[in-house]
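Chemist: sequence and predicted structure below; questions after.
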Amino acid sequence: MARRGRRAVSVIVLLGAPGAGKGTQAEVLRDRLGLPHVATGDLFRTAFREGTELGREAQRFMAAGQLVPDDITIGMLRERLAAPDAAAGAILDGFPRTAAQAAALDELLLDRATAVDAALLIDVPAEDLVLRLAGRWICEAAGHVYHEVTNPPREAGRCDLDGSRLIQRADDEATTVRARLASQLPALEEVVDHYERAGRLRRVDGRLPIAAVSEALLVALGAESRS
Ligand code: ADP
Ligand code: ADP
C-alpha cells in the first residue's frame, strides 16, 4: 500500500463474511497504521442507540439479518468519511458489502483524487463462521470484541479495556446468523470480484490465530509488524 507520508490518503478495505474477524483486525490495524476504524455496523448500532430515524430504519434490516439498503448505507459512509479524523484515510470494516457500494466508494474517492489502496480478504470457511458468531461477546461501552473460547476476557463478563459488561448481539442468535450468511455471502463474492478485477485484492487465511492473521495482514500491506 501507499504508506502515510508518501501519499496523502490511505484507504484500506477489510473484507470477510460475518464473523471472519474484520472488527478484531481493524482495531489492530488502527493502532499500527494510525488510521480511524470505520465500521458501518457500529455506525448503525450507534444511530439506533441514539434513537435517530436512520438508526430505526437500519435496525429493521439488521434484526432480520438482511443488508441495509445501499442508499442509506452509502449516504452514512460518505458523511463519516467527511469527518476531519478521516482526512488521511480510514480502515473500512463492513463496507463495501455490495457491488453498488464498491462502485460508490470508488467514485467518492475519485472526487478526492484517491482510491482504495488495498482490499484485504480475511478468508474463513462458512462452516467456521457459525461458531465464531455464537461465541462472540462485545462490550456494552465500546463494542470491543471477545470470543468465549478463542479470545476470552481476563475476567468473565467484563471488558479488559474499559471494564464494561459483555453482552451478545441479538443478530448473533443462530436463526439470524443463518439468514445473514445466506443473504451476505453471495454479495461478498461480488465485492471480492470487484477488487480482484482492480488488482487490489489480497487474501489472508482467517483460520489462523488472531495474532497470526494480524501479521499476515501487515505483510500483505507491506507494513510488517516491528514486534
Ligand atoms: P458482522 O461484524 O457480523 O459482519 P456488522 O456489525 O458489520 O456485522 O454489521 C451488522 C449488520 O449491519 C449487518 O448484518 C447488516 O444488516 C448491517 N450492515 C453493516 N454494514 C453494512 C453495509 N455495508 N451494507 C448493508 N448493511 C450493512
Ligand atoms: P467480524 O467483524 O468479521 O464479524 P469479529 O472480529 O467480530 O468478526 O470476530 C468474530 C468472532 O470471532 C469474535 O468473537 C472474535 O473474538 C473471534 N475471532 C476473531 N478472529 C479470530 C481468529 N483468528 N481465530 C479465532 N477467533 C477469532
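Modeler: Here it is on my side, so go on. Numbers count the residues shown, from 1 in each chain. Ligands and ions are numbered 1, 2, ... in the order given.
Chemist: give me the nearest residue to residue 148, chain neighbours excluded.
Modeler: With CB to CB, 6 or more residues apart in numbering as the criterion, residue 148 has its nearest non-adjacent residue at 4.4 Å, and that residue is residue 135. In this view, the C-beta of every residue, glycine as well, is placed from N, C-alpha and C.
Chemist: who's in contact with stretch 26-36?
Modeler: 4, 10, 12, 14, 37, 39, 85-86, 88-91, 93, 144-145, 214, 217-218, 221, 223, 225 (CB atoms under 8 Å, 6 or more residues apart in numbering).
Chemist: any of the residues you listed buried? List them.
Modeler: A residue is treated as buried here by neighbour count (16 or more other CB atoms under 10 Å); on that basis the buried members of the contacts of stretch 26-36 are 10, 12, 14, 37, 39, 86, 88-91, 93, 144-145, 214, 217-218, 221, 223.
Chemist: and those near ligand 1, which?
Modeler: Filtering the buried ones among the contacts of stretch 26-36 for proximity to ligand 1 by CB under 6 Å from any ligand atom leaves residue 39.
Chemist: SS state for the residue of the chain most remote from its centre?
Modeler: In the chain, the residue that sits farthest from the middle, by CA atoms, centre = their mean, is residue 155; the gap is 25.9 Å. Secondary structure state of residue 155, per DSSP: H, G, I helix; E, B strand; the rest coil, is coil.
Chemist: what separation do you get for it and residue 132?
Modeler: Computed as CB to CB, to the nearest Å, the residue 155 to residue 132 distance reads 22 Å.
Chemist: what's opposite the residue nearest the centre of the chain in the beta bridge?
Modeler: Among the residues of the chain, the smallest C-alpha distance to the mean C-alpha position (CA atoms, centre = their mean) belongs to residue 93, namely 2.1 Å. Counting by DSSP bridges, residue 93 is bridged to residue 14, residue 39.
Chemist: so what's it up against?
Modeler: If a contact means CB under 8 Å, 6+ apart, then residue 93 has 14, 22-23, 26, 37-41 as its contacts.
Chemist: likewise residue 217?
Modeler: Taking CB under 8 Å, 6+ apart, we find residue 217 in contact with 25, 28-29, 120, 122, 204.
Chemist: can you check residue 205 too?
Modeler: By CB under 8 Å, 6+ apart, residue 205 lies in contact with 123, 213, 216.
Chemist: so which of these belong to strands?
Modeler: Taking DSSP state E, the ones among the contacts of residue 205 that sit in strands are residue 123.
Chemist: any chance of the contacts of residue 205 in a markdown table, plus pLDDT and neighbour count?
Modeler: Compiled in a markdown table, the contacts of residue 205 are given as follows (pLDDT from 0 to 100; neighbours: other CB atoms under 10 Å):
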| residue | pLDDT | neighbour count |
| --- | --- | --- |
| 123 | 97 | 16 |
| 213 | 98 | 23 |
| 216 | 97 | 19 |
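Chemist: flag the shaky bits of the chain, pLDDT-wise.
Modeler: When the per-residue scores of the chain are filtered using pLDDT under 70, the ranges that remain are 1-9, 224-227.
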